[in-house]
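Engineer: Structure for the following, please:
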Amino acid sequence: MKYWRVVVITLSFLLLSGCLVSFKQAMPASEAAPAGLLGKWTSKNAWGEAQNLDLTRVGPHRYQAVSYFKAKPKEREAYPFTVARHGNRWYLSAKVPAQYGGNFTIAGFELNDKQELVIYNLDLEQIRQALGQHLQGEPFSTDDGDGVLVSSSMDQVFAYLDDPANSDVFVEAARYQRPHTTQSAQ
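Structural biologist: As a prediction, the model looks like this:
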């Protein structure tokens with residue numbers, strides 16, 4: 001489960017409390033990341049461990065997040081992702097590992113006025129309630145928890161997510177700051 005713990009805290013791509021919201025369709029890689037997203041970020045995870053996050057460009061409209069704990073800098077996990085802006089929100093998307101269906105996940109993010117990177121997961125219960133009303137999909141189970149696989153088109157998904165009435169579908173999962181650098185006196 002260490003792999004998933006890193007994913008949750010790193011970009012919150014996949015799990016929140018052992019639950020997963022995934023999508024059959026990928027979010028298109030057609031948009032550049034916002035200014036200020038790429039670079040080094042730092043945070044403390046839910047266990048109080050200092051964690052670093054390096055976000056880099058790896059191709060046209062394709063990015064990679066590399067996460068590692070400050071205490072174990074050689075143990076790194078890399079996650080390819082894409083970004084898109086719809087309505088007033090930025091989204092990121094990544095592929096889900098095969099053992100969890102091999103589909104895709106979506107999270108929201110913002111760069112706020114305090115120069116922080118804030119990541120938002122989709123709330124499983126809210127998405128579950130939207131099935132049959134606003135979105136199409138089905139529940140599934142894994143050894144690590146329950147999930148929902150959304151089969152609606154990305155246009156339908158973003159219409160639902162962008163609707164201000166559904167703003168409570170996002171739950172803050174992580175908050176990162178730029179690392180403070182100390183300069184030595186010369």
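
Engineer: So what's the residue count around residue 96?
Structural biologist: When neighbours are counted by other C-beta atoms under 10 Å, residue 96 registers 21. Heads up, the C-betas are built off the backbone N, CA and C, glycines and all.

Engineer: My read is that it contacts residue 21, right?
Structural biologist: No. When contacts are counted by C-beta atoms under 8 Å, residue 96 is not listed as touching residue 21 (9.9 Å).

Engineer: so what sits against both of those two?
Structural biologist: residue 105 (C-beta atoms under 8 Å, 6 or more residues apart in numbering).

Engineer: what helices or strands is the helix or strand harbouring residue 55 leaning on?
Structural biologist: Element membership for residue 55 (DSSP states H and E) is strand 50-59. Where contact means 3 or more C-beta pairs under 8 Å, 6 or more residues apart in numbering; DSSP states H and E, strand 50-59 is packed against helix 2-10, strand 39-44, strand 62-69.

Engineer: Each with direction, which strands does it pair with?
Structural biologist: Its sheet considered, strand 50-59 pairs with strand 39-44 (antiparallel), strand 62-69 (antiparallel) by DSSP bridges.

Engineer: can you list those in TSV and add distance to residue 141?
Structural biologist: Listed next are the strands paired with strand 50-59 as TSV, based on distance: least, C-beta to C-beta, whole Å:
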stretch	distance to residue 141
strand 39-44	30
strand 62-69	27
